[in-house]
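In: When you get a sec, could you give me coordinates for this:
(chains A, B, C and D)
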There are 4 protein chains.
Amino acid sequence: MDLHAIQTTLDQVAAPYVKALGLEVTAADPHRTTLRMPITPALVHGGGMLCGQSLLSAADTAMVVALSVAEGGFRPMTTVQLQTSFLRPIPGSTPEVTLVCHVLRKGKSLAFGEIEIFTPDGKLAAHATTTYAFI
Amino acid sequence: MDLHAIQTTLDQVAAPYVKALGLEVTAADPHRTTLRMPITPALVHGGGMLCGQSLLSAADTAMVVALSVAEGGFRPMTTVQLQTSFLRPIPGSTPEVTLVCHVLRKGKSLAFGEIEIFTPDGKLAAHATTTYAFI
Amino acid sequence: MDLHAIQTTLDQVAAPYVKALGLEVTAADPHRTTLRMPITPALVHGGGMLCGQSLLSAADTAMVVALSVAEGGFRPMTTVQLQTSFLRPIPGSTPEVTLVCHVLRKGKSLAFGEIEIFTPDGKLAAHATTTYAFI
Amino acid sequence: MDLHAIQTTLDQVAAPYVKALGLEVTAADPHRTTLRMPITPALVHGGGMLCGQSLLSAADTAMVVALSVAEGGFRPMTTVQLQTSFLRPIPGSTPEVTLVCHVLRKGKSLAFGEIEIFTPDGKLAAHATTTYAFI
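Out: Numbers count the residues shown, from 1 in each chain, chains lettered A, B, ... in the order given. Below you'll find the predicted structure:
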């Protein structure tokens, strides 16, 4: 799958609530997919920081994209669980975050992934692990 | 805090991305807070199901509300981690989900919570646990 | 299954490392299984507290027992993931802890559970959620 | 800290239940600590596989060691949460597993880590993330 096809699939499958994040797939190979999420005012809470909810949404979405890349196309799947740790607050003035998603294991019925979320200075701001079931 | 005050705080503090969920606080006491999330087309993905991302966002937000209730007012805090399990897919035609949030432990610097997400037929559809740090 | 049959199954299936915990099944019905773990000096670390590792082991084991009860007998299964939160330290002088395990959802291939760990004063000391796959 | 000092600290602080795992620290620097766990019959369950409970115990312990290395000595700390995913079953005939622990973030009061568990053929068999609080 080329980047354009992946992005098109994401835009077709995702709910409007997810598309509102403006996620852009910037690199993809079967073991590692990278997405960019611009930080817009809609994602910033009253304390002036990027809301964690946007990172949760983005992490879950990144894994769908990474698994689609690993499968060579979109395949119906469902999130079994997602665990996210928030390591550093991200100021709302930060232009964007980068999500790097690794498929840790793709079995017959279950797949496992890891998502790292970096700020532009290269610092790890959040970290997630997830399990997906193919359906 | 009465329900109106809690709802006002939520509407003031939450990012627009979170307010877009339309969460409504329907009951609150120091150990248990209940919210209602209407399922709108914006939350439904291409497969016709409620997108899990909306549940992640709602679960995280529910805990902020529950802790504010337990504290008697909003207090700055940050999510340390959130673990969510998805037990059943929720059809997009379901009118709403109910989130019941329990504060499991409120310590000096850390607080722990559990969020149960039910469909209108009373079935548990998702379950989350979370850690918050007061700042 | 009566309690004796459950205990016998546990003792036959568990690794010696798990049997060393001395877990005793004290109540069981399809939705809720209760176990008792005595706190012995072998489980206490240099700081005088019950080691968290024993709670992790016990929580994982409790879910195997609870699922066996729910299935009406032992069925091969594997832990997919276990998330545990430690709410309060437990002094090594505490005589025992009680584990209450709920099967949150038992599907065709996956099962979800919750384990609460209480000290004798009724306080919640640790909380776990877990996913199992039938094999 | 040299490897001998680290191992001595581990042997002094850990509960007998943890020492029974026979964990050996094989490499250590502030960002990455490696341990070896021999697979003995005591860790193998009735189905002939390494029991997951031993991996949970080892993962939690690995993070204590990694943080002690990062701090330059043992410092009192407590596990806040540990999330472990089991990617592949490990046959009981496998001679050992290797745990690689990364400190993802060491803040003033909280620290975050990731533990990868490999079989001798280099395959990732389990993956954990964890939060610790300094006390």
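
In: How about residues contacting stretch A:66-78?
Out: A:1, A:6, A:9, A:13, A:28-33, A:64, A:101-103, A:106, A:111, A:113, A:132-135, B:47, B:52, B:86, B:89 (C-beta atoms under 8 Å, 6 or more residues apart in numbering or on different chains). From N, CA and C alone the C-beta is placed, and that goes for glycine too.

In: So which of the residues you listed belong to strands?
Out: A:28-29, A:32-33, A:101-103, A:106, A:111, A:113, A:132-134, B:86 (DSSP state E).

In: picking up where we left off before, just the buried subset of the contacts of stretch A:66-78, please.
Out: With burial judged by 16 or more other C-beta atoms under 10 Å in any protein chain shown, the buried subset of those is A:1, A:6, A:9, A:13, A:28, A:33, A:64, A:101, A:103, A:106, A:111, A:113, A:132-133, B:52, B:86, B:89.

In: and the top helix by length along chain A with helix B:52-71, angle?
Out: For chain A, the helix with the greatest residue count under DSSP state H is helix A:52-71. Helix A:52-71 and helix B:52-71 are oriented at 150 degrees to each other (axes from the mean of the first three to the mean of the last three C-alpha atoms, to 10 degrees).

In: average pLDDT across helix A:52-71?
Out: Helix A:52-71 carries an average pLDDT of 96.

In: Please state the offset of that helix from the chain centre?
Out: Chain-centre distance of helix A:52-71: 3 Å, with C-alpha atoms, centre = their mean, to the nearest Å.

In: Now that helix - C-alpha only, CSV.
Out: Extracted C-alpha coordinates of helix A:52-71, given in CSV (Å, rounded to 0.1, in the frame of the first residue of the first chain):
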residue,chain,number,x,y,z
GLY,A,52,-5.1,13.5,26.6
GLN,A,53,-8.3,12.4,24.9
SER,A,54,-6.9,13.3,21.6
LEU,A,55,-3.8,11.2,22.2
LEU,A,56,-6.0,8.2,23.2
SER,A,57,-8.0,8.6,20.0
ALA,A,58,-4.9,9.0,17.9
ALA,A,59,-3.1,6.0,19.4
ASP,A,60,-6.1,3.7,18.8
THR,A,61,-6.3,5.0,15.2
ALA,A,62,-2.6,4.6,14.6
MET,A,63,-2.8,0.9,15.4
VAL,A,64,-5.7,0.4,12.9
VAL,A,65,-3.5,2.1,10.2
ALA,A,66,-0.4,0.1,11.2
LEU,A,67,-2.3,-3.2,11.0
SER,A,68,-3.9,-2.3,7.7
VAL,A,69,-0.4,-1.7,6.4
ALA,A,70,0.9,-4.9,7.8
GLU,A,71,-2.1,-6.8,6.2
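
In: before we move on, the earlier item: would a markdown table of the ones in strands among the contacts of stretch A:66-78 with pLDDT be doable?
Out: Supplementary listing: the ones in strands among the contacts of stretch A:66-78 in a markdown table, determined by pLDDT from 0 to 100:
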| residue | pLDDT |
| --- | --- |
| A:A28 | 94 |
| A:D29 | 89 |
| A:R32 | 93 |
| A:T33 | 96 |
| A:C101 | 98 |
| A:H102 | 97 |
| A:V103 | 97 |
| A:K106 | 95 |
| A:A111 | 97 |
| A:G113 | 98 |
| A:Y132 | 97 |
| A:A133 | 97 |
| A:F134 | 93 |
| B:F86 | 98 |
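
In: Pick out the residue nearest the middle of chain A.
Out: The centre of chain A sits closest to A:A62, judged by C-alpha atoms, centre = their mean, with a distance of 2.5 Å.

In: do you know how far that one is from C:Y17?
Out: A:A62 sits 37 Å away from C:Y17, going by C-beta to C-beta, to the nearest Å.

In: Over to A:M63?
Out: With C-beta to C-beta as the criterion, A:M63 and C:Y17 are 33 Å apart.

In: what helices or strands is the lowest-mean-pLDDT helix or strand in chain A leaning on?
Out: One helix or strand of chain A scores below all others by mean pLDDT, DSSP states H and E: helix A:3-13, with a mean of 92. For helix A:3-13, the elements it packs on are strand A:24-29, helix A:52-71, judged by 3 or more C-beta pairs under 8 Å, 6 or more residues apart in numbering or on different chains; DSSP states H and E.

In: Write out the residues of chain A neighbouring chain D.
Out: Residues of chain A found near chain D (C-beta under 8 Å from any C-beta of the partner chain) are A:83, A:85, A:87-88, A:104-105, A:107, A:112, A:114, A:124, A:127, A:129, A:131.

In: Among those residues, which pair sits farthest apart?
Out: Using C-beta to C-beta, the pair of these lying farthest apart is A:R88 and A:G107, separated by 32.7 Å.

In: who has more neighbours, those two?
Out: When neighbours are counted by other C-beta atoms under 10 Å in any protein chain shown, A:R88 comes out ahead of the other of A:R88 and A:G107, with 15 against 12.

In: and the more buried one, backbone torsions?
Out: Backbone geometry at A:R88, expressed as degrees, to the nearest 10, gives phi -150, psi 140.

In: now it, nearest residue through space, not along the chain?
Out: What sits nearest to A:R88 in space, not counting adjacent residues and going by C-beta to C-beta, 6 or more residues apart in numbering or on different chains, is A:A125, at 4.7 Å.

In: Can you name the residues of chain A that neighbour chain C?
Out: Residues of chain A lying near chain C by C-beta under 8 Å from any C-beta: A:V80, A:Q81, A:Q83, A:S109, A:L110, A:T131, A:A133.

In: The fifth one contacts C:T131, doesn't it?
Out: So the one you mean is A:L110. No: the criterion here is C-beta atoms under 8 Å, and A:L110 misses it with C:T131 at 9.3 Å.

In: Comparing those two, which residue is more hemmed in?
Out: Using other C-beta under 10 Å as the criterion, A:L110 and C:T131 rank with C:T131 on top: 27 against 21.

In: how near is the closest residue to the more buried one other than its chain neighbours to chain B?
Out: Nearest residue to C:T131, sequence neighbours excluded (C-beta to C-beta, 6+ apart): C:V80, at 4.1 Å. Counting by C-beta to the nearest C-beta, to the nearest Å, the gap from C:V80 to chain B is 10 Å.

In: Is C:V80 in contact with A:Y132, as I believe?
Out: No: shown here, C:V80 and A:Y132 do not form a contact pair, counting by C-beta under 8 Å, at 11.0 Å.

In: overlap in contacts of those two?
Out: Residues touching both C:V80 and A:Y132 comprise A:V80, A:L110, with contact defined as C-beta under 8 Å, 6+ apart.

In: before we move on, the earlier item: check which helix or strand the residue nearest to A:R88 maps to.
Out: Following DSSP states H and E, the helix or strand that holds A:A125 is strand A:124-134.

In: what's the angle between that strand and helix A:52-71?
Out: With the same axes, to 10 degrees applied, the angle from strand A:124-134 to helix A:52-71 works out at 50 degrees.

In: Which other helices and strands does strand A:124-134 contact?
Out: Strand A:124-134 sits against helix A:52-71, strand A:77-86, strand A:110-118, strand D:77-86, strand D:96-106, strand D:124-134, with contacts defined as 3+ C-beta pairs under 8 Å, 6+ apart.
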